[in-house]
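Visitor: Predicted model and sequence below, questions to follow.
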Amino acid sequence: MKKDIIFTQQPRLSFAREESKILKKDYWRVENSFSVIYYKDGAENIVNVHKNFLTDGASVPRIFWVFYPPFGKYID
């Protein structure tokens, strides 16, 4: 089973100062659009991440739980 994760570009992030202040948690802004290609059950899947997307850098979207489940050894 193929488990490669491919980024079409290196993600560039910058600290989102105002949003972090308002949300009372550190957030980062994606400075360039990119795609993530991954394989599940033999099928190629693509996730597009758009410029200006905000992330806390730690939350794992459900789509990636197959690689980084939000339980077990990954929560330590």
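Guide: Perfect, I can see it now. Everything numeric here is computed off the predicted structure, so don't read it as measured data.
Visitor: ok, F15 to N45 distance?
Guide: 30 Å (C-beta to C-beta, to the nearest Å). C-beta here means a position set from N, CA and C on the backbone, and glycine is covered the same way.
Visitor: Just the pLDDT for the residue nearest to G57 when sequence neighbours are not counted.
Guide: Leaving aside its chain neighbours, G57 sits nearest to W28 (5.6 Å; criterion: C-beta to C-beta, 6 or more residues apart in numbering). If you check W28, the pLDDT there is 88.
Visitor: One more: the one 4 residues further on?
Guide: In this prediction, N32 carries a pLDDT score of 94.
Visitor: can you count the residues close to it?
Guide: 13 (other C-beta atoms under 10 Å).
Visitor: sec struct for it, please.
Guide: For N32, the assignment made with DSSP: H, G, I helix; E, B strand; the rest coil gives coil.
Visitor: ok, it touching N52?
Guide: No: counting by C-beta atoms under 8 Å, N52 is not a contact partner of N32; they are 9.9 Å apart.
Visitor: what sits in contact with each of these two?
Guide: In terms of C-beta atoms under 8 Å, 6 or more residues apart in numbering, N32 and N52 are not both contacted by any residue.
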